[in-house]
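1. Turn this into a model:
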Amino acid sequence: MHRISYAVLGEYENEGIFRLKNRQFNGTLQGNLPVQMYSEVISPFLDVDLVNYCLRIPSEYGFDNGIYKKWILKKYPAASKYKWEAINGRITEKTYNILGYSTTLKALPRKAFNKVFHKSSLNTKRHMNPLDYWFNTNNDLKGFILNTYRENIPLLKDEELNKDCQLLFNEGNTIEKTQVLTLLVAYKKYFGDNHED
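-> The predicted structure follows:
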């Protein structure tokens with residue numbers, strides 16, 4: 001579900017800034033969404049001082065998580081023993097760049113299978129943020145998401161925006177569903193139920 005052209009990348013200093021402003025703030029707490037109705041959550045990656053510090057690091061050092069991996073190996077080597085889901089291996093394992101994606105050799109068959117059959121790893125409990133799996137196996141969570149959508153979608157009076165939100169919610173994965181919920185709940189909070197577009 002892509003409605004935004006990547007031509008807008010030219011409006012940003014680099015791809016990292018684009019991702020930060022367009023995805024990071026929305027995605028950092030994505031895995032915490034299921035507990036949001038019970039508790040407040042936070043991430044160190046939303047700390048203003050940390051983000052400002054990271055933005056001063058030249059982007060070439062961040063390629064393929066290079067500086068992040070070096071930091072882990074130097075400051076917390078025990079963490080390097082855990083398997084990274086993205087590469088299906090430890091950060092110390094050799095990775096290969098295939099079609100712009102870093103992967104280990106043992107992760108390649110799974111990635112190829114998922115690419116060919118468009119299988120979302122979000123639908124497995126092995127994913128770092130298995131939102132599709134939770135949505136499909138947890139009726140309370142599914143009910144919360146569906147009810148929040150049904151209660152708030154009528155608020156959007158702009159026909160094109162409403163139609164886009166319905167399409168994204170009905171055909172998208174759970175991350176895309178929660179993006180719609182974020183818009184709807186923010187709209188309700190800031191414009192109220194009776195706001196005229």
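2. can you give me the strands for this protein?
-> Using DSSP state E, the strands found in the chain span residues 96-98, 101-103.
3. Turn those into CSV, including mean neighbour count and distance to residue 143.
-> Every residue, glycine included, has its C-beta placed from N, CA and C. Formatted as CSV, the strands of the chain follow (neighbours: other C-beta atoms under 10 Å; distance: least, C-beta to C-beta, whole Å):
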stretch, mean neighbour count, distance to residue 143
strand 96-98, 11, 40
strand 101-103, 16, 36
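4. Indicate which one of the ones you listed is closest to residue 130.
-> Among the strands of the chain, strand 101-103 comes nearest to residue 130, with 20.0 Å by C-beta to C-beta.
5. What is the helix ranked longest in the chain packed up against?
-> Across the chain, the longest stretch assigned as helix under DSSP state H is helix 174-191. Secondary-structure packing of helix 174-191 (3 or more C-beta pairs under 8 Å, 6 or more residues apart in numbering; DSSP states H and E): helix 25-27, helix 131-137, helix 139-152, helix 159-171.
6. Okay, buried residues for it please.
-> For helix 174-191, a neighbour-count test (16 or more other C-beta atoms under 10 Å) marks 174, 175, 176, 177, 178, 179, 180, 181, 183, 184, 187, 188 as buried.
7. which residues does the first one contact?
-> Same thing as residue 174. Residue 174 is in contact with 122, 131, 132, 134, 135, 145, counting by C-beta atoms under 8 Å, 6 or more residues apart in numbering.
8. and the first one, what pLDDT?
-> Looking at residue 122, its pLDDT reads 64.
9. swap in the second one?
-> Predicted confidence (pLDDT) at residue 131: the value is 85.
10. returning to what we had before: how about the buried residues of helix 174-191 in a markdown table, adding distance to residue 152 and pLDDT?
-> Shown next, in a markdown table, are the buried residues of helix 174-191 (distance: C-beta to C-beta, whole Å; pLDDT from 0 to 100):
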| residue | distance to residue 152 | pLDDT |
| --- | --- | --- |
| 174 | 17 | 90 |
| 175 | 18 | 86 |
| 176 | 16 | 90 |
| 177 | 12 | 93 |
| 178 | 13 | 89 |
| 179 | 13 | 87 |
| 180 | 9 | 92 |
| 181 | 8 | 92 |
| 183 | 9 | 89 |
| 184 | 4 | 92 |
| 187 | 7 | 90 |
| 188 | 6 | 90 |
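11. and residue 173, how far is that from residue 22?
-> For residue 173, the distance to residue 22 equals 18 Å [C-beta to C-beta, to the nearest Å].
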